[in-house]
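Asks: mind looking at a prediction? Sequence and model below.
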Amino acid sequence: MSLQENYRMSAPKRRTAPAIVNHLVAFEAAARLGSFRAAAEELHVTSGAVAQQVRTLEDKLGRPLFERLPRGLRPNADGADYLARVRLALDIIEDATGELLERDTPRDPQHILLSTTPAFASRWLIPRLEQLTQAHPQIALMIDASDSTRPLSGKHAVDLAVRWGSAPFEAGYALPLLPGVVVPVCTAALRARQPWRQPAQLAGQPLISDSHNNWQRWFDHHGLPGTRVSGPVFSQTILAIEAAERGMGIALVPRPLVEHALQTGTLVLALDGHELPGRASFHLLAERAPAPGSPIEQVVLWLRQQAMG
């Protein structure tokens, strides 16, 4: 919900609020959109009303805030400085209003919001969700798959998170979930053409990297420091895995994310017995330990069972 919508919804309940809030909302909208007319359309008032609010604000401050142009408005130097502070203040009001409204509409406790990476969601979690539905049909697991870290408390908080990392975590509750061992994988067809047996044989091959850049560590670990690594680089692990499945080269990725692909033959180990111990692993995080018997605890126990099984 936008600030303006929150403001309009709660305005009848805030008749004693300082009128300057109305002026600031009009000023911010006009500055952002570059005209009184556009601001009026967004705020669902007349352009004359927005212009009056801005003029009243300028009178109170004793200075103009805009350059009036032939085709719109532009904040002047004072207006631009003031706008930065006004936006910060309105953001605080918007956050406070949103949090207050969320208290009135609590989420169903059977709806569990879990944050994780796109690679983990796609490659490990989604193939198992049908089993969760069978075990706990009353629970709806909502997955937020993003590389952005969602908070475990406060605004936009999630109930659980599965993240790649190493202890200690800021979360109040953290459990190891899956090991962080990293393995080189490619298509069976690519390996059949070049049946590698030693780490040195991978040098010069198209080596697919993700944001973790593990290939140099892999060569160092196997006694080949300084080996030149070349090949496509992707910002996300899931893209590196998909590139390997398309035969573009050898990807070095966490084994839990490709276990299903190894079982089905979509991918094979490029070099048997040459893993890279992970400096990190997948952990399950929450703000606090889940209450015994709660839906969150049921999801936690299910995740751990899946990880062990």
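Replies: Sure, I can see it.

Asks: show me how this protein divides into domains.
Replies: 3-104, 111-176+281-308, 182-269 (automatic domain parsing).

Asks: can you tell me which of those domains is nearest to Glu275?
Replies: Taking CB to CB as the criterion, Glu275 comes closest to domain 182-269 out of those, the separation being 5.3 Å. All C-beta spots, glycine's among them, are computed from the backbone N, C-alpha and C.

Asks: ends of the closest one, what's the gap?
Replies: 11 Å (CA to CA, to the nearest Å).

Asks: likewise stretch 108-122?
Replies: 25 Å.

Asks: work out the gap between stretch 162-178 and the centre of the chain.
Replies: Distance of stretch 162-178 from the chain centroid (CA atoms, centre = their mean, to the nearest Å) equals 16 Å.

Asks: and for that stretch, what's in contact with it?
Replies: 114-117, 120, 124-125, 149, 152, 161, 180, 254, 256, 279-290, 300, 303-304, 307 (CB atoms under 8 Å, 6 or more residues apart in numbering).

Asks: what's the PyMOL syntax to select whichever of those residues are buried?
Replies: Selection command for PyMOL covering only the buried members of the contacts of stretch 162-178, criterion 16 or more other CB atoms under 10 Å:
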select buried, resi 114+115+116+117+120+124+125+152+161+180+254+256+281+282+283+284+285+286+287+290+300+303+307
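
Asks: hmm, back to that, and the domains of the chain, which one's lowest on average pLDDT?
Replies: Mean pLDDT is lowest for domain 3-104 among those, at a mean of 81.

Asks: okay, now Gly265: neighbour count?
Replies: If you count neighbours by other CB atoms under 10 Å, Gly265 ends up with 9.

Asks: spatially, what comes nearest to it if we skip its sequence neighbours?
Replies: Closest residue to Gly265 apart from its sequence neighbours, by CB to CB, 6 or more residues apart in numbering: Ala188 at 6.3 Å.

Asks: quick one: the strands in the protein?
Replies: Under the criterion DSSP state E, the chain contains strands at 66-69, 72-75, 111-116, 140-145, 160-165, 173-178, 182-186, 207-208, 250-254, 268-269, 281-286.

Asks: looking at these, which is closest to Phe36?
Replies: strand 72-75 (7.1 Å).

Asks: can you tell me which helices and strands the closest one packs against?
Replies: Counting contacts by 3 or more CB pairs under 8 Å, 6 or more residues apart in numbering; DSSP states H and E, strand 72-75 packs against helix 20-33, strand 66-69.

Asks: can you do 10 Å?
Replies: In terms of contacts (3 or more CB pairs under 10 Å, 6 or more residues apart in numbering; DSSP states H and E), strand 72-75 is packed against helix 20-33, helix 36-43, strand 66-69, helix 77-104.
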